[in-house]
Structures are given as C-alpha cells and as structure tokens.
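K.L.:
how would this look folded up:
(one chain, ligands or ions: 1)
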Amino acid sequence: MHRGANNHGLTFILDRVKQKLAGWKANLLSLAGRAVLIQASTSTIPAYVMQCTALPEKLLNNIDRVNRNFLWGSTETSKKTHCKVLRSKYYSQRRLGAKDRDKLPCSRTWKAMRMETEVFKKGIRPFAVEEEQLQVRDVLRTDGWDWSDISLQIPEVILMEIRAIPYSITAPNVGDRLVWNCENKGDFDLKSAYNLAMGFKDEADKFTGGGYGNIGVGEYLVRKCLKDSDVCPMCNRELETIIHRLKDCSASRDIWFKMGINPSNRFYEDNLLLWLEMNCKDGSHKVRHHPPWKIVFPFAIWCIWKGRNNFVFWNRSVQSNIHHDIIFRASEFQHCILNANRLGSKTVVRVRWETPQVGWVWLNTDGSAAGNPGRVGRGGILQDDQGRWIASFSRNIGLSTSFMAELWTLCDGLSLCHNLNYSAVDIQIDAKTIVGLLSKPFYSNSFVMPIIDDCRQLISQIPQVRIGHYYREANSCADFLAKIGSVQTFWPK
Ligand SMILES: [Zn+2]
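P.N.:
Next comes the predicted model:
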C-alpha cells in the first residue's frame with residue numbers, strides 16, 4: 001500500500017459494494033441466490049484495486065460485514081442473529097477445547113445469550129430422564145388418566161380440562177389427530193382463522209373491527225377511491241359517515257322526528273356503537289300501541305338505508321310516510337315471527353316412566369353440566385323389564401360442555417351393558433342431538449370422534465339395541481346421578 005494512502009481514500013470500494021446490494025431486495029432472494037450474488041458480484045468489486053494495493057483490514061472487515069448482513073437478511077432497523085455464524089464462531093474446536101470458554105473474547109450478543117441460558121436453566125424445573133420420554137399413551141389407561149408418573153404439579157383446572165378430552169377405549173392405539181380449536185366440529189376453516197388473525201372475539205368485535213367500517217357510505221367510498229365526493233348526497237352539506245347517514249343527517253332526523261323523537265332528545269348524543277346498543281336493547285314502547293322500540297329501531301335503520309340507496313341509485317325521493325312503513329314492518333315481524341314462536345313452543349307432552357319390553361333392559365343416561373363449558377358429570381341407571389335396579393354409575397368428567405357430557409355418559413352406559421352381557425338394550429337419552437347423530441352414519445366431528453366411534457363400536461357388539469329420546473322428567477334418577485357426578489372430586493391415583 002502506498003504510504004500516503006489511508007482508509008479514507010479507499011472507502012469508494014465499500015460504497016460501491018453497498019450500492020450494488022442496495023438495488024436488490026434481500027428478502028425476495030433465497031439464501032442460495034444471495035450467496036451467488038455476493039460471490040459473483042460484490043466480491044469482484046475490490047479485486048481490481050487489490051491487484052496493486054493491499055487493502056486495509058478495517059475496510060475488508062466492513063465489506064465482509066455488508067456482505068454478511070445481506071446474506072443473512074439484517075438491515076439497519078432489524079438485526080438478525082446469524083445462527084450459522086454463531087455456531088461456526090463459538091462452537092469451534094478451539095473454543096470447545098478451551099479451559100475456560102467464558103474468558104475467550106466474544107461478542108455482546110453471544111454474552112447476552114450465555115447469560116440468558118443461565119437464567120433459563122435456573123427458572124426451569126427439569127424433568128427426570130424417564131419423564132422426558134413419556135408419551136400421552138403412557139399416562140392414559142383404559143379407565144382414565146394416571147398422573148402418578150409425572151412429578152410436575154399440574155393445576156387442577158388444567159387437569160380437569162385434560163380429563164374431559166375424549167379418547168377411545170375400544171381402539172386405544174389410534175394415533176393422535178390435529179383438531180382446529182376455533183370451530184365446533186374441529187375442522188379447519190378459513191373464516192375462524194381470519195377472525196383469529198384479526199383478533200375478533202365475538203360478533204360485536206367483528207362488527208367494530210371489519211364490519212361497519214366497510215359500509216358503503218361516501219366517506220368509505222372516497223377512502224377506497226371508488227368515488228370523488230364524500231359529501232352526503234341527501235343533505236349536500238356534511239361528510240357522509242355511517243352515523244351521519246343513520247342518525248344526524250337532516251333527512252334521517254326528519255324520519256326519527258316522525259317516529260316521535262324530539263330533536264333535543266338524548267337519542268342524538270351517543271356515538272354509533274352505544275347508540276345502536278342502547279336502542280336495540282330498549283324494550284319500552286316509544287310508539288304507542290306498537291311493537292317495543294328494540295323491534296321498531298332496527299326496521300327504521302333498515303328503511304333509512306334503503307331510502308338512501310333508492311335515492312342514490314334510482315333517484316327516487318324518500319316517501320313522506322316512510323315512518324308508517326317502518327311501524328308496519330315491525331308489527332308484521334312481531335306478529336308473524338315472534339308470536340308464532342311463542343305459540344309453537346307451548347306443546348304439552350305427557351311424560352311418564354314406562355316399563356320396557358319383556359326381556360329387554362333399560363339404560364337411562366344423563367349428563368349434567370354446571371355452566372357450558374363447566375364442571376360436568378355423567379350418570380346412568382340400568383333397569384330390568386320390571387323396573388328393578390340392576391346397576392348405576394355416576395362420575396365426574398372434568399371441565400367440558402353438556403354435549404360432551406351426554407356422549408361420555410352414553411359410552412359409559414354402553415360399556416356397562418357390554419360388560420354385563422345384555423343382548424337387548426333399550427337406550428334412553430335425554431339429548432335429542434345425540435340420538436340424531438348416532439343415526440347418521442357419516443356424521444364426523446374431530447373433537448368427539450373417539451367417543452362416537454366407541455359408542456358405535458359398542459352398539460354393534462350388542463345384538464339388539466334401540467335408541468330413543470326421553471324427557472328428563474321421566475327418569476329423574478339418571479339426572480340425579482349425573483348431578484352427583486358433576487360435584488364429585490377426583491382422588492389422585
Ligand atoms: Zn346528510
């Protein structure tokens with residue numbers, strides 16, 4: 001190197017390397033692609049100068065650093081840990097053979113990682129060697145879970161949830177299966193995944209998160225570049241937002257006024273969500289001799305929105321008697337839908353216990369859940385054709401739903417009949433859905449499939465089986481046993 005030359009005079013090489021790489025998007029190239037680019041392109045830049053000048057070490061290190069960052073995807077704003085670099089640097093033979101590895105020079109990242117490892121080691125309680133090898137099937141017995149092999153203290157709530165997970169007793173060696181937790185049947189679906197990704201917990205969340213922000217009022221259409229003007233088409237004065245459309249626009253205020261709401265009313269003070277919620281829950285009769293406000297209000301909103309669309313798309317002005325239309329629709333809904341349901345639900349069913357056919361045994365099962373999901377119990381009773389007691393059972397399942405409780409109970413009852421070798425069983429379940437799904441051979445639900453498969457398997461092994469629905473009142477004994485089951489405590493094995 002010429003004596004007069006310094007680092008400064010050669011930094012153009014580093015600039016060129018940087019310039020060359022700046023035109024590439026590192027995260028769009030594969031690792032191999034980035035490696036080829038560095039070898040073929042940036043490594044050749046200093047070659048020309050290097051023919052006659054020995055480059056200073058600092059500059060070479062800088063060029064290496066730029067290349068390395070490009071290769072591993074680090075930028076100024078986000079640093080990536082270069083695992084392979086760390087491995088080659090800190091797991092070298094020289095280091096592994098050193099007496100005191102911590103005294104060797106190392107980077108701050110590595111020092112931090114070493115310290116974290118120590119903290120992690122202190123915070124974690126190690127399993128015994130044989131426990132690390134444990135699999136689910138090692139703690140799952142035919143009669144339930146056996147925790148005696150696990151030294152870890154598992155909280156009671158979690159234990160109860162685990163206990164309620166369905167497993168198969170007739171086919172214990174079936175492999176595990178993946179179940180999508182956000183959907184009732186356990187199958188993956190895009191809708192629930194989207195809600196999960198967006199962080200929506202319930203319907204209200206969905207409405208505020210993605211729903212009402214996308215209603216096609218002027219403000220939204222302009223934001224999406226679908227329209228030039230966001231001025232309300234009906235009053236031609238203010239910005240058309242959804243709250244303006246439904247509540248604050250003079251055209252809408254006119255309709256609300258005709259429905260008996262004064263301009264000075266508190267009605268106009270709330271924000272959109274509160275306004276919708278308050279009015280949809282208001283059971284008072286604001287319009288005399290007409291349906292309650294919580295029924296009239298949604299119809300009013302619907303008609304206002306329809307009126308706006310008719311005006312915008314068809315140039316039809318809003319009818320002057322639109323408030324009559326709203327009341328009429330609300331009354332029609334109340335009489336045809338709500339009252340019809342109320343009349344329909346009052347069916348009187350005569351319920352009494354009946355003796356089974358001669359030679360048959362009766363199995364009555366019931367599941368009981370305190371909350372849904374909550375602590376659930378199962379109970380059942382087996383009687384002969386004279387109504388005499390044969391056997392009964394009552395057990396706690398854990399933390400689950402009432403649907404699961406009914407299934408567990410049925411499975412217990414069937415295995416009881418099977419063990420006692422009865423050949424003609426009349427099964428009475430108080431859950432209609434279970435009766436229905438057992439009659440559907442293609443019903444599938446990943447969550448409960450092990451129990452359903454067990455039930456089907458057991459049913460096929462009993463020569464004569466009849467399954468029917470009964471009303472809980474007809475056999476309060478099974479119901480009582482299930483309730484006892486739900487409050488039972490588990491005894492550790
Ligand atoms: Zn307006």
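K.L.:
and the protein, which residues reach the ion?
P.N.:
In this structure, the chain approaches the ion at residues 232, 234, 235, 249, judged by Cβ under 5 Å from the ion. Every C-beta, even on glycine, is put in place using the N, C-alpha and C of the backbone.
K.L.:
pull out the buried members of these.
P.N.:
Buried members of the residues of the chain next to the ion, counted by 16 or more other Cβ atoms under 10 Å: 232, 234, 249.
K.L.:
isn't the second one right next to residue 246, touching?
P.N.:
If I follow you right, that is residue 234. No. Between residue 234 and residue 246 there is no contact under Cβ atoms under 8 Å: 11.7 Å.
K.L.:
only alpha carbons, please: show the strand or helix carrying residue 117 as PDB.
P.N.:
Assigned by DSSP states H and E, residue 117 belongs to helix 108-123. Only the C-alpha atoms of helix 108-123 are listed here, as PDB (Å, rounded to 0.1, in the frame of the first residue of the first chain):
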ATOM      1  CA  ARG A 108     -22.100  -8.800  23.200                       C
ATOM      2  CA  THR A 109     -24.900 -10.900  21.500                       C
ATOM      3  CA  TRP A 110     -23.200 -14.100  22.500                       C
ATOM      4  CA  LYS A 111     -22.500 -12.800  26.000                       C
ATOM      5  CA  ALA A 112     -26.200 -12.000  26.400                       C
ATOM      6  CA  MET A 113     -27.200 -15.400  25.100                       C
ATOM      7  CA  ARG A 114     -24.900 -17.100  27.500                       C
ATOM      8  CA  MET A 115     -26.400 -15.100  30.400                       C
ATOM      9  CA  GLU A 116     -30.000 -15.800  29.300                       C
ATOM     10  CA  THR A 117     -29.300 -19.500  29.200                       C
ATOM     11  CA  GLU A 118     -28.200 -19.500  32.800                       C
ATOM     12  CA  VAL A 119     -31.400 -17.600  33.800                       C
ATOM     13  CA  PHE A 120     -33.500 -20.100  31.800                       C
ATOM     14  CA  LYS A 121     -31.800 -23.000  33.500                       C
ATOM     15  CA  LYS A 122     -32.400 -21.600  36.900                       C
ATOM     16  CA  GLY A 123     -36.100 -20.900  36.100                       C
END
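K.L.:
helices or strands next to it in the packing?
P.N.:
If contacts are counted by 3 or more Cβ pairs under 8 Å, 6 or more residues apart in numbering; DSSP states H and E, helix 108-123 sits against helix 83-90.
K.L.:
thinking again about what came up before, now, the residues of the chain next to the ion that are in strands?
P.N.:
Residues of the residues of the chain next to the ion located in strands (DSSP state E): none.
K.L.:
let me have these in a markdown table, adding pLDDT and distance to residue 452 as columns.
P.N.:
Shown next, in a markdown table, are the residues of the chain next to the ion (pLDDT from 0 to 100; distance: Cβ to Cβ, whole Å):
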| residue | pLDDT | distance to residue 452 |
| --- | --- | --- |
| 232 | 90 | 56 |
| 234 | 87 | 57 |
| 235 | 88 | 60 |
| 249 | 90 | 55 |
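K.L.:
check which residues of stretch 132-152 are buried.
P.N.:
Quick answer for stretch 132-152 (16+ other Cβ under 10 Å): 140, 144, 145, 147.
K.L.:
which single one of those residues is nearest to residue 429?
P.N.:
Proximity of the buried residues of stretch 132-152 to residue 429 (Cβ to Cβ) peaks at residue 144, which lies at 22.5 Å.
K.L.:
so what's that closest one closest to, chain neighbours aside?
P.N.:
Among residues not flanking residue 144 along the chain, residue 163 sits closest, at 7.1 Å (Cβ to Cβ, 6 or more residues apart in numbering).
K.L.:
can you tell me the helix or strand for the closest residue to the ion within the stretch 251-400 of the chain?
P.N.:
The ion sits closest to residue 251 of the stretch 251-400 of the chain, with a gap of 6.1 Å, by Cβ to the ion. Using DSSP H and E, residue 251 maps to helix 250-258.
K.L.:
the closest residue to residue 447 other than its chain neighbours: neighbour count?
P.N.:
Leaving aside its chain neighbours, residue 447 sits nearest to residue 186 (4.2 Å; criterion: Cβ to Cβ, 6+ apart). Number of residues near residue 186 (other Cβ atoms under 10 Å) recorded here: 17.
K.L.:
flag the helix or strand of this protein with the lowest per-element mean pLDDT.
P.N.:
In the chain, no helix or strand scores lower on mean pLDDT, DSSP states H and E than helix 339-345, which sits at a mean of 59.
K.L.:
now the helix or strand following that one: buried residues?
P.N.:
Per DSSP H and E, helix 339-345 leads on to strand 361-371 as the next helix or strand towards the C-terminus. For strand 361-371, burial by neighbour count (16+ other Cβ under 10 Å) applies to 361, 362, 363, 364, 365, 366, 367, 368, 369.
K.L.:
nearest to residue 16, out of those: which one, please.
P.N.:
residue 369 (72.0 Å).
K.L.:
what sits against residue 390?
P.N.:
When the contact criterion is Cβ atoms under 8 Å, 6 or more residues apart in numbering, the partners of residue 390 are 361, 382, 383, 384, 420.
K.L.:
run through who's touching the helix holding residue 251.
P.N.:
234-235, 237, 245-247, 263, 267-268, 300, 303-304, 307-308, 318, 322-323, 326.
K.L.:
please indicate which of these are buried?
P.N.:
The neighbour-count test (16+ other Cβ under 10 Å) marks 234, 245-247, 267, 300, 303-304, 307-308, 318, 322-323, 326 as buried among these.
K.L.:
got CSV for the residues you listed, with secondary structure and distance to residue 115 too?
P.N.:
Output for those, formatted as CSV (DSSP: H, G, I helix; E, B strand; the rest coil; distance: Cβ to Cβ, whole Å):
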residue, secondary structure, distance to residue 115
234, coil, 66
245, helix, 59
246, helix, 59
247, helix, 59
267, helix, 62
300, helix, 65
303, helix, 67
304, helix, 64
307, helix, 68
308, helix, 64
318, coil, 71
322, helix, 72
323, helix, 72
326, helix, 69
